[in-house]
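Participant: everything below, folded, please.
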Amino acid sequence: MGSIIFDLAVSTPRVPNTGENILARAFKMGPGGKGANASAAIAKLGAESILVGSVGDDNFGQTELQALKSVGVRVDSVKIDQDEPTGTAIIMVDDNGENTILVVIGANATLTPDEAKGALDSWWGKLDAIQVNFEIPESVVAAIIEEAKRNGVPVILDAGPPRSYAKETWSKATIISPNRLETESLVGRSISTEDDLVRAAKEILDSGPEAVVLKRGGEGSLICTSQGTVSVPAFKVETVDTTGAGDAFTGALTVGTAEGMTLEEAVRFASAAGALAVTRFGTMPAMPTRAEVVRFLSSHPRI
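Facilitator: Here you go, the predicted model:
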């Protein structure tokens, strides 16, 4: 359950200053959006993937749907809005692989709680997990988490991008997985030290979820549960583009949860997927396959 946003990506030495005109290195456009990327990751990792979201009745929307179908995502439940355009992102990726993004949310904002719940009516009893993100309306996020809890289906919440959604909206999710900026948004304060981060994770945990999995990029992941905190190291890879890494991570975390992996096993599986994604330019096309993740993990044994 999430966003579908067409990406216009520019590779640049650095992000320009106000009023500055600099020469970029390359331009690429293609399908993306946190929901679309994660659903593609889930399908490529070998699970049956169903996407609920909204696109406009335009070329970008059709390109998104075709790309999703090509990797095995079911898109029957994607709404085609007649009034709003497909969401669009302008992404600048600098020479360090870090990204700066402008988003026009477009048709994603038109998805309603009733539409979202209706799309899942026939699937209850068959679902092993649901993933949701914050790039769709808050009312939809709240409704789906509530419905999933009522039906006994675990919800993995990618708490991104940073949004000031109420605690009541997200606190009933099974697993919440934010990065550092998103963690700051959830707790309403800045985080400067590792101790601050651990305290913030425990504060989020105290709000209601069963687990918090903090994404810390090259510093690895932090798992926080009622049993304590566990740090899962990152894999060392050459970074090309970090844009889709979080989506690959959370998609893999969802698959691991659905398959019954322990949380630490699922996070390591997710870390491998995220590591592979940063070695490639782009978002949806960067999502790794199951075979690639298995091969990567076999060559990177547990420390």
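Participant: in the stretch 51-200 of the chain, mark out all the helices, start to finish.
Facilitator: 59-70, 113-120, 138-150, 167-170, 180-187, 194-206 (DSSP state H, counting those that start in this stretch).
Participant: got a markdown table for these, with mean neighbour count too?
Facilitator: Quick note: C-beta positions are derived from backbone N, CA and C, even for glycine. As requested, the helices of the stretch 51-200 of the chain are exported to a markdown table (neighbours: other CB atoms under 10 Å):
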| stretch | mean neighbour count |
| --- | --- |
| helix 59-70 | 18 |
| helix 113-120 | 17 |
| helix 138-150 | 19 |
| helix 167-170 | 18 |
| helix 180-187 | 20 |
| helix 194-206 | 17 |
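Participant: will you turn the ones you listed into a markdown table that also has distance to residue 300 and mean pLDDT?
Facilitator: Shown next, in a markdown table, are the helices of the stretch 51-200 of the chain (distance: least, CB to CB, whole Å; pLDDT from 0 to 100):
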| stretch | distance to residue 300 | mean pLDDT |
| --- | --- | --- |
| helix 59-70 | 29 | 97 |
| helix 113-120 | 36 | 96 |
| helix 138-150 | 33 | 97 |
| helix 167-170 | 32 | 96 |
| helix 180-187 | 24 | 94 |
| helix 194-206 | 24 | 94 |
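Participant: which pLDDT value belongs to the spatially most central residue of the chain?
Facilitator: Of all residues in the chain, the one closest to the mean position by CA atoms, centre = their mean is residue 247, 3.3 Å from it. Note on residue 247: pLDDT of 94.
Participant: wait, it touches residue 39, no?
Facilitator: No - applying CB atoms under 8 Å as the test, residue 247 and residue 39 come out as separate, 9.2 Å apart.
Participant: which other residues reach stretch 109-117?
Facilitator: Stretch 109-117 is contacted by residues 1, 52-54, 79, 81, 83-84, 136-137, 139-140, 142-144, 147 when judged by CB atoms under 8 Å, 6 or more residues apart in numbering.
Participant: can you do 10 Å?
Facilitator: 1-4, 35, 52-56, 77-79, 81-84, 87, 118-119, 132, 135-144, 146-147 (CB atoms under 10 Å, 6 or more residues apart in numbering).
Participant: end to end on that stretch, go ahead and measure it.
Facilitator: 16 Å (CA to CA, to the nearest Å).
Participant: and the residue nearest to residue 29 when sequence neighbours are not counted, what are its bridge partners?
Facilitator: Ranked by CB to CB, 6 or more residues apart in numbering and with sequence neighbours excluded, the top spatial neighbour of residue 29 is residue 8, at 4.9 Å. Counting by DSSP bridges, residue 8 is bridged to residue 29, residue 90.
Participant: hang on, residue 8 packs against residue 91?
Facilitator: Yes - applying CB atoms under 10 Å, one finds residue 8 in contact with residue 91, separated by 6.9 Å.
Participant: so between those two, which is more surrounded?
Facilitator: Neighbours of residue 8 and residue 91, each counted by other CB atoms under 10 Å, are more numerous for residue 91; the result is 23 against 16.
Participant: give me the distance between the nearest residue to residue 203 once chain neighbours are set aside and residue 193.
Facilitator: Residue nearest to residue 203 in three dimensions, not counting chain neighbours: residue 187, with 5.4 Å by CB to CB, 6+ apart. For residue 187, the distance to residue 193 (CB to CB, to the nearest Å) stands at 14 Å.
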